[in-house]
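1. model this:
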Amino acid sequence: MTRVKRGTIANKRRKTILKAAKGFKWSRKNKYRAAKEGIYHAWKNAFIGRKQKKRNMRRLWNIKINAGVRMNSDNEMNYSKFINGLKKTNIELDRKVLAQLAENHPEVFKKILETVK
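-> Next up, the predicted model:
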């Protein structure tokens, strides 16, 4: 019978973990057990961060829209009334676009605000 060398899959798995841990401090970059622990924490936090990024961007857009509405409407309208007016007039612009308009193109945003009133 021919000789079979074992451990190729396990070695590959360990090598990929250590490659992913490149740049970590101290023993987490070159010891498998510590690297695995660090990598799993990092991946968990990256997953959480991707969800928080969406949440934070939506909050920022809402703040920018609210600031644009209050600046251009003499404090008689706020964010919630503006969004309600958009839905009643069937203007289907998302918050990202509205925030960009409020920040970079206030004249266009003012026209949208006038149609909502």
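2. let me see the mean pLDDT of the longest helix along the chain.
-> Counting by DSSP state H, the longest helix found in the chain is helix 32-72. Model confidence over helix 32-72, given as mean pLDDT, is 96.
3. I'd like the next helix or strand past that helix.
-> Counting by DSSP states H and E, the next helix or strand C-terminal to helix 32-72 is helix 79-88.
4. tell me the contacts of the residue lying farthest from the centre of the chain?
-> No residue in the chain sits farther from the centre than Met1, which is 56.8 Å out by C-alpha atoms, centre = their mean. By C-beta atoms under 8 Å, 6 or more residues apart in numbering, Met1 lies in contact with nothing. Backbone N, C-alpha and C define where each C-beta goes, glycine included.
5. nearest the geometric middle of the chain, what residue?
-> Centre-nearest of the chain using C-alpha atoms, centre = their mean is Lys53, 2.5 Å out.
6. quick revisit: local confidence estimate at the residue farthest from the centre of the chain?
-> Reading off the model, Met1 has pLDDT 84.
7. got it, and Glu114?
-> Glu114 is given a pLDDT of 90.
8. pretty sure Trp61 is touching Ala99, no?
-> Yes. Counting by C-beta atoms under 8 Å, Trp61 does reach Ala99; the two are 3.9 Å apart.
9. so between those two, which is more surrounded?
-> Ala99 (22 against 19; other C-beta atoms under 10 Å).
10. and that one, what element?
-> Using DSSP H and E, Ala99 falls within helix 95-104.
11. neighbours of Val69, how many?
-> 26.
12. what do you get for Met57?
-> Met57 - counted by other C-beta under 10 Å - has 13 other residues nearby.
13. report how many residues lie close to the nearest residue to it once chain neighbours are set aside.
-> In this structure, Met57 finds its nearest non-sequential neighbour in Lys96, 7.7 Å apart by C-beta to C-beta, 6 or more residues apart in numbering. For Lys96, the count of nearby residues is 14 (other C-beta under 10 Å).
14. ok so, going back, could you give the average pLDDT over the helix holding Ala99?
-> pLDDT averaged over helix 95-104 gives 95.
15. contacting residues around the next helix-or-strand element following it?
-> Where DSSP H and E defines the elements, the next helix or strand beyond helix 95-104 is helix 106-116. With contacts defined as C-beta under 8 Å, 6+ apart, helix 106-116 is touched by 68-69, 71-73, 77, 82, 85-86, 89, 91, 93, 98, 101-102.
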